[in-house]
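Colleague: Got a predicted structure here, sequence first:
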Amino acid sequence: MSRPVEYAVAVDRFLSAASLGTNSRRIYRIALITWAWAMVDRAPPVGADRRNAVPPALPLALLDTDHAAPRLQKALAARSAAVGVRTANRELSILVGAVNWWRAQSWLTGDPTAGLRPLPTPKSPADGAWISSRQARVILELPASLREQTFWHLLYESGAPIERALALDIDDLDVPGRRTLQRTDTPVGWGEGTARLLPLLVLGRVDGPLFTTSRGRLSYRRAAEIFATATRPIDPRGRGWALHQLSVAGRRYSTC
């Protein structure tokens with residue numbers, strides 16, 4: 001396979017060769033396009049501006065220059081400040097995977113990610129505490145929007161990773177079967193609570209993100225903020241629970 005000149009073409013070839021589901025492929029593409037901005041020393045757009053922004057065209061050979069590693073290091077820190085450590089680390093992992101594949105094709109001679117390490121994940125105020133089944137039931141009965149109620153029930157009943165749940169599209173769902181469609185990803189199944197709420201959430205919609213905001217797909221950061229605020233009054237320490245704790249409680253629930 002001939003070496004591509006453009007970074008965007010290299011991204012396309014990497015994604016074509018990767019064994020990824022539709023949602024994962026989209027997430028990988030967004031992450032890799034985001035790193036393109038770093039290579040020209042520019043901050044990627046965020047929010048509504050991100051959807052309409054045209055990513056910079058750049059040669060793949062830029063990743064083999066002396067400027068690549070420090071620019072990526074700077075971008076990782078900036079990205080963490082903008083979207084959170086977990087998202088930044090996930091995007092770094094995607095870039096490392098792509099770079100390794102490009103090097104295996106002999107398209108790159110060096111490794112601009114060699115000195116990059118995942119950033120330490122800060123513990124949330126509620127880290128280390130368990131959500132009991134009783135507390136989970138209280139959480140699921142909290143007054144909240146239909147979107148939040150459905151999202152929380154889905155996390156708890158499926159035990160699915162939060163990123164996976166947020167990445168779901170409406171056309172991924174087998175609503176009568178109470179699971180996602182069988183594709184390359186492991187299906188996500190749910191229980192009665194989600195089954196009751198989900199048809200109401202998707203009423204009148206046939207495609208697009210399952211969990212949305214006025215600006216597009218619900219982000220991890222926004223979902224976490226809403227959950228922490230909503231659960232603060234019932235957290236014994238008054239700090240609010242973390243979303244991953246509900247997901248962990250859900251994994252225990254799903255194995256009972």
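Modeller: Alright, I've got the coordinates. Numbers count the residues shown, from 1 in each chain.

Colleague: From now on I want contacts and neighbour counts done on CA atoms only, so please keep to that.
Modeller: OK.

Colleague: need the next SSE after the longest helix seen in the chain, C-terminal direction.
Modeller: In the chain, taking DSSP state H as the definition, the longest helix is helix 85-104. As assigned by DSSP states H and E, the chain's next helix or strand after helix 85-104 is helix 133-140.

Colleague: Which strands and helices lie in contact with that following helix?
Modeller: Counting contacts by 3 or more CA pairs under 8 Å, 6 or more residues apart in numbering; DSSP states H and E, helix 133-140 is packed against helix 146-158, helix 243-254.

Colleague: Single out the most deeply packed of these.
Modeller: When the helices and strands packed on helix 133-140 are scored by mean count of other CA atoms under 10 Å, the highest mean neighbour count falls to helix 146-158 (a mean of 23).

Colleague: still on that earlier bit, just so I know, which of the helices and strands packed on helix 133-140 lies nearest residue 216?
Modeller: helix 146-158 (13.4 Å; CA to CA).

Colleague: distance between that closest one and the chain's centre?
Modeller: Between the centre of helix 146-158 and the centre of its host chain there is 16 Å, according to CA atoms, centre = their mean, to the nearest Å.

Colleague: ok and that helix relative to helix 133-140, angle-wise?
Modeller: Interaxial angle, helix 146-158 versus helix 133-140 (axes from the mean of the first three to the mean of the last three CA atoms, to 10 degrees): 160 degrees.

Colleague: residues making contact with helix 146-158?
Modeller: For helix 146-158, the surrounding residues in contact (CA atoms under 8 Å, 6 or more residues apart in numbering) are 136, 140, 160-162, 165, 188-191, 193-194, 197-198, 201, 211, 246-251, 253-254.

Colleague: Following element in sequence after it, please.
Modeller: Criterion used, DSSP H and E; the element after helix 146-158 is helix 162-166.

Colleague: How are the helices of the stretch 151-256 of the chain distributed by residue range?
Modeller: With DSSP state H, counting those that start in this stretch as the criterion, the stretch 151-256 of the chain has helices at 162-166, 192-201, 220-231, 243-254.

Colleague: I'd like the ones you listed written out as JSON lines, with mean pLDDT and distance to residue 100 added.
Modeller: Putting those into JSON lines (pLDDT from 0 to 100; distance: least, CA to CA, whole Å) gives the following:
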{"stretch": "helix 162-166", "mean pLDDT": "87", "distance to residue 100": "24"}
{"stretch": "helix 192-201", "mean pLDDT": "94", "distance to residue 100": "40"}
{"stretch": "helix 220-231", "mean pLDDT": "89", "distance to residue 100": "27"}
{"stretch": "helix 243-254", "mean pLDDT": "73", "distance to residue 100": "30"}
